[in-house]
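> no sequence on hand, only this structure:
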């Protein structure tokens, strides 16, 4: 009834996600109600009802996602992603396990398990109802595409190996003809076909663009199936030709998926830049607060400052956490080449500040390091704010080759890194003086400068490769 009304309504398609979320909330409420200790048969009945509702909801979301794939691609992607998350989270399976626990009259354990299910349902509800999940949706699509491409790469590698093996068998059989079935080669081909079909099914759930690659993979699967028949009939020559066709089709699908991947990365550019600036600003605000509190202690450690210094160390750790999350986002979306080593340097300096504060060191060297972190974060924020405000053309690609403003931003970060490395080198050189044997502390500083220089070199090399189109 609900499905039919949505199909008939047409304009109500936009409310699909809301409908699914409402049903999820009802499921969650039912589970929550069942956590109260009641007669066992009543609790078990409620749990069975919840499981049936979840099963029905999952099936409806999938059907609605398929039906609206062309008309409402965003809603469709959201629904299909919710289905995947539900399946990957094994929500229905976990609900069945809860039933077994209830049957054993272990209601405390059942309550704990149900709490986990509720948490998973809340995640699905957020996915289906939150309006600002564009970034997370795109990131999930990117992750799914990357996973599919990696799986397809393995399948292509296997198919090429099987093609070459079959060709070698055909050459040998041309000298000693036989029609014996090649069961081993046939079974290997069957396994590769199953892997390819699995990738095809996955990409069909990722939207219209990737679904086209899924159609190409279906053709590759047909070629593999024909190769299996010929291998079973002892005709490796024909099978090798069909395997070559399969490889070509798989490579074509791979190219299509990579094009979709680049498109998502381009679409993510603005959102990621905004998130990066927000994260850097949060890190800067927290660092200023830590520095001001450090200065307020007067630079002289005492028994009364021990507790406060350790609290500040925990605050400094939170800056590292945000930096790590930002670094992961940048690397996942290939947003920048130079920013990751810059963030790693900031994290390294923050780690030194944490160590100092944990040792109750609140003197000028610590404050100086905190100010340096502030300056680095401020410089990074200014760089990427300028990039956001610059007028850029469309379809620039993910790299720096066709985007002058992005290239300038990358070079500014590289320059900042090189300046920092140069300062580290000069500091180590001054400390060395006429020493013939370096102290462990000085060796550590020299190693840090060396590592920093290597990161600058690698980032510069990567930017050069992008400019050369390599």
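It's in. Keep in mind that this is a model prediction, so the values were computed, not measured.

> residue 255: neighbour count?
Other residues near residue 255 come to 12 when the count uses other CB atoms under 10 Å. The way it works is simple: take the backbone N, C-alpha and C, and place the C-beta from them, glycine included.

> pLDDT on the helix or strand it falls within, on average?
Using DSSP states H and E, residue 255 maps to helix 236-296. Helix 236-296 comes out with an average pLDDT of 92.

> by contact count, what packs against that helix?
Where contact means 3 or more CB pairs under 8 Å, 6 or more residues apart in numbering; DSSP states H and E, helix 236-296 is packed against helix 134-175, helix 183-204, helix 208-232, helix 306-333, helix 339-358, helix 364-389.

> any chance of those helices in JSON lines, plus mean neighbour count, mean pLDDT and distance to residue 275?
Shown next, in JSON lines, are these (neighbours: other CB atoms under 10 Å; pLDDT from 0 to 100; distance: least, CB to CB, whole Å):
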{"stretch": "helix 134-175", "mean neighbour count": "17", "mean pLDDT": "88", "distance to residue 275": "7"}
{"stretch": "helix 183-204", "mean neighbour count": "19", "mean pLDDT": "91", "distance to residue 275": "27"}
{"stretch": "helix 208-232", "mean neighbour count": "21", "mean pLDDT": "91", "distance to residue 275": "24"}
{"stretch": "helix 306-333", "mean neighbour count": "17", "mean pLDDT": "89", "distance to residue 275": "7"}
{"stretch": "helix 339-358", "mean neighbour count": "21", "mean pLDDT": "93", "distance to residue 275": "12"}
{"stretch": "helix 364-389", "mean neighbour count": "17", "mean pLDDT": "88", "distance to residue 275": "11"}
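
> identify the residue spatially nearest to residue 231, adjacent ones excluded.
residue 186 (4.1 Å; CB to CB, 6 or more residues apart in numbering).

> ok, which of the helices and strands packed on helix 236-296 comes nearest residue 66?
Nearest to residue 66 among the helices and strands packed on helix 236-296 is helix 183-204 (9.0 Å), distances taken as CB to CB.

> and the closest one with helix 134-175, angle?
With axes from the mean of the first three to the mean of the last three CA atoms, to 10 degrees as the basis, helix 183-204 and helix 134-175 are set at 160 degrees to each other.

> neighbouring contacts of helix 183-204?
Defining contact as CB atoms under 8 Å, 6 or more residues apart in numbering, one finds that helix 183-204 is touched by 144-145, 147-148, 151-152, 154-155, 158-159, 162, 165-166, 169, 210-211, 213-214, 217-218, 220-221, 224-225, 227-228, 231-232, 236, 239, 243, 246, 250, 257.

> how about the residue nearest the centre of the chain, what does it touch?
The chain has residue 143 as the residue nearest its centroid, 4.8 Å off, counting by CA atoms, centre = their mean. Counting by CB under 8 Å, 6+ apart, residue 143 touches residue 332.

> residue 80 versus that one, what's the distance?
To residue 80, residue 143 is 14 Å away according to CB to CB, to the nearest Å.

> try residue 376
Going from residue 376 to residue 80 by CB to CB gives 42 Å.

> do the same with residue 56
For residue 56, the distance to residue 80 (CB to CB) stands at 17 Å.

> again, but for residue 456
From residue 456 across to residue 80, the span is 43 Å (CB to CB).

> now swap in residue 458 and tell me
38 Å.

> of these two, which one has the most company?
More neighbours surround residue 80 than the other of residue 458 and residue 80, with 21 against 12 (other CB under 10 Å).

> start to end distance for stretch 175-184?
End-to-end distance for stretch 175-184: 21 Å, by CA to CA, to the nearest Å.

> the nearest residue to residue 306 once chain neighbours are set aside: how many residues sit nearby?
The shortest distance from residue 306 to any non-neighbouring residue, by CB to CB, 6+ apart, is to residue 360 (5.2 Å). Residue 360 has 17 neighbours, counted by other CB under 10 Å.

> phi, psi of residue 360?
Phi and psi for residue 360, reported as degrees, to the nearest 10, are phi 60, psi 30.

> quick one: it and residue 311 touch, right?
No - with contact taken as CB atoms under 8 Å, residue 360 and residue 311 are classed as non-touching, separated by 11.6 Å.

> SS state for residue 336?
coil (DSSP: H, G, I helix; E, B strand; the rest coil).

> quick check: pLDDT value at it.
89.

> picking up where we left off before, give me the distance between the helix holding residue 255 and the centre of its chain.
Here helix 236-296 shows a centroid-to-chain-centroid distance of 8 Å under the convention CA atoms, centre = their mean, to the nearest Å.

> and residue 337, what does it touch?
400, 410, 459, 462-463, 466.

> the same query, at a cut-off of 10 Å, please.
Applying CB atoms under 10 Å, 6 or more residues apart in numbering to residue 337 gives the contacts 330, 399-400, 406, 410, 413-414, 458-466.

> mind giving me the PyMOL command for buried ones among the residues you listed?
Command for PyMOL that selects the buried part of the contacts of residue 337, burial taken from 16 or more other CB atoms under 10 Å:
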select buried, resi 330+399+400+406+410+413+414+459+460+462+463+466
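
> noted, bye for now.
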